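Enquirer: mind looking at a prediction? Sequence and model below.
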Amino acid sequence: MNQPLLYTAIPIRVGFAALMLCANTVGLLSTQSIALAQAATPSLSIAQAPSGVAVIYVNPMSSNSQDAPGAGSSEAPFRTISYALKQAAPGTIVQVAPGTYSQQTGEVFPLMIPRGVVLLGSEADRGQSVVISGGGQNISPTFARQNMAIWIEKDAEIRGIAVSNPNVRGTGIWIEGGSPLIQNCTFMSSHREGIFVTGTGNPKIVSNVFFKNGGNGISLASKAKGEIRNNVFQDTGFGLAIGGFSAPIVDSNQIVQNVDGIYINDSASPVLRNNLIENNNRDGIVITIKAKPNLGSDADLGKNVIRNNKQHDLTNSTKETIYSIGNSLDAKKVLGQVAFTFVAGESGQPGSPIVPGQPTTSPTTPAVGQPTGAPGAPTGQSPVAPTLPPPPPGQSIPAPATPTGQSPLVPGVPPASAGQPVPTPPTAAGQPAIAPAPAGAATSPTMPATPTNQPSISQPLPSTPTNGQPGTAPAVTGQPSPQPATGTTRQPGDVVIPDT
């Protein structure tokens, strides 16, 4: 049995700069994404290789680099990550030098991270200087053929890498099983999602930034579990789409300025704690079909702050009552059967129902800019999700548009007008909006059905917005559609499963 790697953690302060996504495309993290990331994780734990652990090096800029036996040292590194990973035994660290790694530099996609191997870039800047851009076809046991940049095996790690897959329906990292670790990375401008977790995947996804992905930040399906902590999801389709029978822990994340913050469907049962979910273009949390998220209990308060979302803070379109205990939100922006209770010691008695039309008072929202969940918090403040930095003078809600003077992250997409949703990435020139079916295969205007006996996951497809509304896609034949919320623009069938 392979022994887990041990690291020495060195906390350091970080700052963000421009992120080069590929040779001819420059993407800039918004100033608010930078501030959100810094507020969510004011210090990073940087893994240092312990003595005695094998380290192989990749640096295509070195004059001595080559993909050949005998290479891989710091003086004579490998030229490509693809080749280095094939040489890596369990317990090996593959140290990647700054640069952009793509098909043009010789990479073969998807990159396959073997079990027990660590792919290490630059954790100090969350991979802004070490970029993997591209994708290729691989077979998923639960979702058939998919386009992905990286396939990661059990107990492997990816640290300090920026990942972008601009291919049609491209995914950044695909996780099918085991407990890999994804930490201090950046996921930007993938055509579909940054990370897809399915099968029996049970990853730890910690302290990453998800920005400007066309579908979702993270998608979970099948029987996926795992921990999703201290991440930033901004302007990235649905921040998280949680379906199938998945049951992840979603804790201490900042989920802002997306289409919907968290979309939960099928029979999913995620546990949501200490998250900040605000300023999303439609709803903060959407619950559909038979989903039943855990939003808190008397013994374990939710401590989620859900506020200022444009349509509803919480929408429950299932037939069952959802219980929200110990969260901060406005009952006037709740739709569907949701039962609330106050926290003991605050307004009302423990277990008393909330008064319709009155805002909840639990837990107390920390002052703007005040770190939360850390020792030394002011007396009386609950350790809830990290708060946003103060907005510019005169601006109460940060706009999701690209900051003035910065280039849009997706070529050909202009900055959004004030108050309008940010459009999703356009389909590449000459490529169809939906990948063509294989020769001889049956075709239909909808996505192919989920493989037999496999649960579905709601997955938005990037499309051109109409009249300023987020793009939608037709529903899968036979797939239950979420019930439209009264007064919203959501239509039945605006989410579908990934193509198979």
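Expert: Sure thing, it's come through. Nothing here was measured: the structure is a model prediction, and the numbers come from that model.
Enquirer: and the closest residue to V163 other than its chain neighbours, how far is that from I205?
Expert: Residue nearest to V163 in three dimensions, not counting chain neighbours: G172, with 4.1 Å by CB to CB, 6 or more residues apart in numbering. Placement of C-beta: from N, CA and C, glycine included. Using CB to CB, to the nearest Å, G172 is found at 11 Å from I205.
Enquirer: between the two, who's got more neighbours?
Expert: Higher neighbour count among G172 and I205: G172, with 32 against 28, using other CB atoms under 10 Å.
Enquirer: okay, and that one sits in which element?
Expert: Using DSSP states H and E, G172 sits in strand 170-175.
Enquirer: quick one, the longest strand along the chain and strand 170-175 angle?
Expert: Of all the segments assigned as strand in the chain under DSSP state E, the longest by residue count is strand 144-152. Strand 144-152 and strand 170-175 are oriented at 70 degrees to each other (axes from the mean of the first three to the mean of the last three CA atoms, to 10 degrees).
Enquirer: residue contacts, the residue nearest to V163?
Expert: Each residue near G172 by CB atoms under 8 Å, 6 or more residues apart in numbering is listed here: M148, A149, I150, V163, S164, N165, F187, S190, E193, G194, I195, N213.
Enquirer: what's the neighbour count on the fifth one?
Expert: Okay, so that is S164. The burial count for S164: 30, using other CB under 10 Å.
Enquirer: which strands border the very next helix or strand once past the strand holding G172, and is each parallel or antiparallel?
Expert: Once the chain leaves strand 170-175, the next helix or strand it forms, by DSSP H and E, is strand 181-183. Applying DSSP bridges, strand 181-183 is found paired with strand 157-159 (parallel), strand 204-206 (parallel).
Enquirer: quick one: buried residues of strand 181-183?
Expert: L181, I182, Q183 (16 or more other CB atoms under 10 Å).
Enquirer: who's in contact with the first one?
Expert: When you say that, I think you mean L181. A156, E157, I158, R159, P203, K204, V206.
Enquirer: can you check the last one too?
Expert: For Q183, the contacting residues are E123, E157, I158, R159, K204, I205, V206, S207, N208, taking CB under 8 Å, 6+ apart as the criterion.
Enquirer: run the last query once more with 6 Å
Expert: R159, V206, S207 (CB atoms under 6 Å, 6 or more residues apart in numbering).
Enquirer: can you pull out the helices in this structure?
Expert: 31-40, 81-87 (DSSP state H).
Enquirer: of all the ones you listed, which has the lowest average per-residue confidence?
Expert: Among those, helix 31-40 carries the lowest mean pLDDT, at a mean of 59.
Enquirer: most packed of the strands paired with strand 181-183?
Expert: Stretch with highest mean neighbour count among the strands paired with strand 181-183: strand 157-159 (a mean of 25; mean count of other CB atoms under 10 Å).
Enquirer: for the stretch 1-150 of the chain, what spans make up the strands?
Expert: Counting by DSSP state E, counting those that start in this stretch, the stretch 1-150 of the chain has strands at residues 8-12, 19-22, 25-27, 44-48, 55-58, 93-96, 99-101, 111-113, 118-120, 130-133, 136-140, 144-152.
Enquirer: report the mean confidence score over the second one.
Expert: Along strand 19-22, the predicted local confidence has a mean pLDDT of 34.
Enquirer: go on, the first one?
Expert: Throughout strand 8-12, pLDDT has a mean value of 35.
Enquirer: quick one on the thing from earlier: relative to L85, which of the strands paired with strand 181-183 is closest?
Expert: Evaluated over the strands paired with strand 181-183, closeness to L85 peaks at strand 157-159, with 11.3 Å, by CB to CB.
Enquirer: ok, for T200, nearest residue in space, not its chain neighbours?
Expert: G177 (4.8 Å).
Enquirer: now the one you found: phi and psi?
Expert: phi -170, psi 170 (degrees, to the nearest 10).
Enquirer: now do G127 against A71, distance only.
Expert: 24 Å.
Enquirer: higher neighbour count, the two?
Expert: Neighbour count, other CB under 10 Å: between G127 and A71, G127 has more, with 27 against 21.
Enquirer: neighbours of Q104, how many?
Expert: A count of nearby residues for Q104, using other CB under 10 Å, gives 12.
Enquirer: actually E75, not the one I typed
Expert: 8.
Enquirer: quick revisit: of the contacts of Q183, which is the nearest to A97?
Expert: Among the contacts of Q183, and counting by CB to CB, the member closest to A97 is R159, at 14.5 Å.
Enquirer: so the closest one bridges to which residues?
Expert: Where R159 sits in a bridge, its partners, by DSSP bridges, are L120, Q183.
Enquirer: list the contacts for it?
Expert: A47, L120, E123, Q183, N184.
Enquirer: neighbour-wise, which one of those residues leads?
Expert: In terms of neighbour count, N184 stands highest of the contacts of R159 at 26 neighbours, by other CB under 10 Å.
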